[in-house]
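1. The sequence and its predicted three-dimensional model are supplied below.
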Amino acid sequence: MKVTAMDVYKLLPQTNCGDCGEASCMAFATKLSDKEASLEVCTELTEEQFDKLEKLLAPAVREIIIGTGDKTKVMGGDEVLYRYEESYYNQTLLAIDLTDDLTDAEFEEKVNTIENTEFERTGELLKLDAIALRNKSGDASKFAEAAKKLKKASYPVFLCSLDPIAMKAALNEIGDENPLIYAATESNIDEMAELAIEYHCPIAVFAPGDLEKMKNLVFNLRSKEIKDIVLDPGTFTGDGIGDTIDNFVMVRRLAVEEKDEDFRFPILGIPALSKLKNNDDEISQNIDEATIGSVLLNKYADALIFKGTDIWELIPILTLRQSVYTDPRKPQSVDPGIYEFGELTEESPVMLTTNFALTYYTVEGDLKSGDTTCYLLVLDTVGKAVDVAIAGGQFHGKAVADLIKDSGIEDKIKTRKMVIPGLAAPLSGEIEDETGWEVMVGPRDSSAAPDFIDEKF
């Protein structure tokens, strides 16, 4: 059951002191239940009240922090199995595998590639999140030296080694930056647990294909008062991908539906294993890795480690993540109004579109790439695309007339001619009647807009 504001209010001091910045304890309770406020700002909570509220408000999956300062990233925090029930909040962290056996030049080049991998989509800059430093050399000193180099990196680090000696050497260098210790297994759990306690770092548990063993390992860590845990149930590639999906789903169901305390932690997947165990050509390996990464991202992975850095492989992963973590109840949108392109005059053409983010940024990109000069009127359709807004009643003649009036576009131009999207052709007469403007039906696809403007204007 979702925690309500009343559930929270019952445990608050109910003094309405206002120290939290809200007018009343009920208002503060509402903010807490909506994840818009922090429990720490309440100054009148007793220790017992704080503990009860913290437990009540804790998500089904514990939030785990890696990194410090500007490098801080959060994984987990999931409340539900399906995002239509409640939006997912902390995006799946995407890390890139980096080995400690590279030359200095190769190491620096790989780090630069990771840090500079980015592209913009619907107004959001999509980037990677972490570096997974792997002790491929098997040498503790090399692992520590490589870890030291990453102190200057702009991303937090997953330290990947099953050797407690190598792990301690690396932690001596960057333990103060809160890296993820990967990983505790049945054979090294006591030593790794001691390191997690000593350096106050989160730790991953690795029990491939054996959830019962994973439960026992997590219970062991919890009994030592270790709270920041990440689960790796194993990433089996090829014919084993079905078992991998089953394990990921089972872990999340045990956390959300059963509230099993040993499974209420983020899940880590490693699509990179598809490349390490695949002898096909590099393109096929990249496709396999991206495919497995996409599947696991859809099946509750809170962090993923990739090996490939080709942008064509990472774009579908970054794009999918953006879509999964967009609140389906709140369509992405931009502000309505006037947007200007090129060196404008009083004779410049006027185009019309909606404020659905994907629509707007597609049109913007096409106009810029075509070096088009025009005004773009953006209609408030509550974040809906052209055809959807027409069907839903948000795109109509009166709304366009109101936009013209409110935007002040008539003060900027002498002409009264507007180009509407091709999909809005059935509304051309209605828009003309409501606005008094001449309406031209433009192309259905905005990629043709620059040529259309050049030809008609």
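-> Perfect, I can see it now. Residues are numbered from 1 along each chain as shown.
2. Quick check on the residue most central in space within the chain: phi, psi?
-> Geometric centre of the chain, nearest residue: Q91, 3.0 Å, by Cα atoms, centre = their mean. According to degrees, to the nearest 10, the main-chain angles of Q91 amount to phi -60, psi 150.
3. Mean pLDDT per helix and strand in the protein: which one sits at the bottom?
-> When the helices and strands of the chain are compared on mean pLDDT, DSSP states H and E, helix 273-276 comes out lowest with a mean of 84.
4. Pull out the buried residues from that one.
-> L273, S274, K275 (16 or more other Cβ atoms under 10 Å). C-beta coordinates here come from the backbone N, C-alpha and C atoms, glycine included.
5. for stretch 240-260, same thing?
-> Within stretch 240-260, the residues that qualify as buried by neighbour count (16+ other Cβ under 10 Å) are I241, T244, I245, N247, F248, V251, R252, L254, A255, V256.
6. These into TSV, with extra columns for distance to P156?
-> Output for the buried residues of stretch 240-260, formatted as TSV (distance: Cβ to Cβ, whole Å):
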residue	distance to P156
I241	28
T244	25
I245	27
N247	26
F248	23
V251	23
R252	23
L254	27
A255	23
V256	26
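7. Can you list which of those are found in helices?
-> With helices identified by DSSP state H, the entries of the buried residues of stretch 240-260 that belong to them are I241, T244, I245, N247, F248, V251, R252, L254, A255, V256.
8. Report the separation between the fifth one and I287.
-> Counting by Cβ to Cβ, to the nearest Å, the separation of F248 from I287 is 21 Å.
9. cool, the second one as well?
-> For T244, the distance to I287 equals 17 Å [Cβ to Cβ].
10. Kindly report the same for the first one.
-> Here the distance between I241 and I287 works out to 14 Å (Cβ to Cβ).
11. Give the residue spans of the protein that score low on pLDDT.
-> The model of the chain has pLDDT under 70 over residues 1, 277-279.
12. could you pull out the helices for the stretch 1-150 of the chain?
-> Residue ranges of the helices in the stretch 1-150 of the chain, as given by DSSP state H, counting those that start in this stretch, are 5-9, 25-33, 47-57, 104-116, 140-149.
13. Out of the ones you listed, flag the one nearest Q332.
-> Proximity of these to Q332 was assessed by Cβ to Cβ; the nearest stretch is helix 25-33, lying at 23.8 Å.
14. Send over that closest one as CSV, restricted to the C-alpha atoms.
-> The C-alpha trace of helix 25-33 is given here as CSV (Å, rounded to 0.1, in the frame of the first residue of the first chain):
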residue,chain,number,x,y,z
CYS,A,25,2.6,19.4,9.9
MET,A,26,0.0,18.1,7.5
ALA,A,27,1.5,20.1,4.6
PHE,A,28,4.9,18.7,5.6
ALA,A,29,3.5,15.2,5.7
THR,A,30,2.1,15.7,2.2
LYS,A,31,5.5,16.7,0.9
LEU,A,32,7.2,13.7,2.6
SER,A,33,4.7,11.3,1.1
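15. wait, is P328 part of a helix?
-> No. Applying DSSP: H, G, I helix; E, B strand; the rest coil, one finds P328 to be coil, outside a helix.
16. do you know how far it is from E118?
-> From P328 over to E118 the distance is 25 Å, taken as Cβ to Cβ.
17. Mind telling me what element L268 is part of?
-> Element membership of L268 [criterion: DSSP states H and E] is strand 268-269.
18. Which elements pack onto that strand?
-> With contacts defined as 3 or more Cβ pairs under 8 Å, 6 or more residues apart in numbering; DSSP states H and E, strand 268-269 has these neighbours: strand 229-232, helix 282-298, strand 303-306.
19. G383 is nearest to which of these?
-> Each of the helices and strands packed on strand 268-269 was checked against G383 via Cβ to Cβ, and the shortest separation belongs to helix 282-298, namely 23.2 Å.
20. Any buried residues in that closest one, and which?
-> Buried residues in helix 282-298, counting neighbours by 16+ other Cβ under 10 Å, are found at 285-297.
21. Put the alpha carbons of it into PDB.
-> The C-alpha atoms that make up helix 282-298 are tabulated as PDB, following Å, rounded to 0.1, in the frame of the first residue of the first chain:
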ATOM      1  CA  GLU A 282      33.100  -6.700 -32.900                       C
ATOM      2  CA  ILE A 283      29.800  -5.400 -34.500                       C
ATOM      3  CA  SER A 284      27.900  -8.500 -33.500                       C
ATOM      4  CA  GLN A 285      29.400  -8.300 -30.000                       C
ATOM      5  CA  ASN A 286      28.200  -4.700 -29.700                       C
ATOM      6  CA  ILE A 287      24.800  -5.600 -30.900                       C
ATOM      7  CA  ASP A 288      24.600  -8.500 -28.400                       C
ATOM      8  CA  GLU A 289      25.800  -6.300 -25.500                       C
ATOM      9  CA  ALA A 290      23.300  -3.500 -26.300                       C
ATOM     10  CA  THR A 291      20.500  -6.000 -26.600                       C
ATOM     11  CA  ILE A 292      21.200  -7.600 -23.300                       C
ATOM     12  CA  GLY A 293      21.600  -4.200 -21.700                       C
ATOM     13  CA  SER A 294      18.200  -3.100 -23.000                       C
ATOM     14  CA  VAL A 295      16.500  -6.300 -21.700                       C
ATOM     15  CA  LEU A 296      18.000  -5.900 -18.200                       C
ATOM     16  CA  LEU A 297      17.200  -2.200 -18.100                       C
ATOM     17  CA  ASN A 298      13.600  -3.200 -18.800                       C
END
